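Chemist: sequence plus the predicted model coming up.
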2 protein chains.
Amino acid sequence: MPRIVVEVMPKPEILDPQGKAIASALPHLGFQDFSAVRQGKRFELSVDGEVTDEALAQARKAAEEMLSNPVIEDVVDVRVEDA
Amino acid sequence: MPRIVVEVMPKPEILDPQGKAIASALPHLGFQDFSAVRQGKRFELSVDGEVTDEALAQARKAAEEMLSNPVIEDVVDVRVEDA
């Protein structure tokens, strides 16, 4: 069943305490290669049948209006994925 | 600067109350096209310089060991993305 994936990240200028916590813990666990970490959200919206242009447009609208907070977050991707 | 994107989702058999809450709210806001919603996490790991095979291997290991809880979550994607 196809689904629409929506990805939301904190805006670059917004502090991301979860990402910071992960970034500072990684070296202690032996992961030295990363200079920064940011944490965001990934949503999977299931669609019955095929993904129409209408469904994709609805997903883009829902991403902007409901799945993200436009004050502090950016919608970085809306794409169709086969399950 | 390139970065590694890690995506983590709740396992299909695990209840996802956040996703369920979104799915039941969507129709009230005029979004009728979606039969189910699941919510997971998206991490961006920044790498200084280019992404080596070593860095990608470290990201895969960190994804399995630290960024996800293997009891309830699956790592669904680890990929390189240009910022």
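Modeler: Nice, I can see it. Numbers count the residues shown, from 1 in each chain, chains lettered A, B, ... in the order given.

Chemist: show me what the helix or strand hosting residue A:6 is packed against.
Modeler: Taking DSSP states H and E as the criterion, residue A:6 maps to strand A:2-10. With contacts defined as 3 or more Cβ pairs under 8 Å, 6 or more residues apart in numbering or on different chains; DSSP states H and E, the packing partners of strand A:2-10 are strand A:34-46, helix A:53-62, strand A:73-82, strand B:36-47. From N, CA and C alone the C-beta is placed, and that goes for glycine too.

Chemist: for the helix or strand that it is followed by, buried residues please.
Modeler: Next along the chain after strand A:2-10, taking DSSP H and E as the criterion, comes helix A:17-25. Using 16 or more other Cβ atoms under 10 Å in any protein chain shown as the test for burial, helix A:17-25 gives A:19, A:22, A:23.

Chemist: now, which of those residues lie close to chain B?
Modeler: A:19, A:22 (Cβ under 8 Å from any Cβ of the partner chain).

Chemist: and the buried residues of helix A:17-25, which is closest to residue A:66?
Modeler: residue A:19 (22.9 Å; Cβ to Cβ).

Chemist: which residues are in contact with the closest one?
Modeler: Residues near residue A:19 by Cβ atoms under 8 Å, 6 or more residues apart in numbering or on different chains: A:10, A:36, A:37, A:38, A:39, B:43, B:44.
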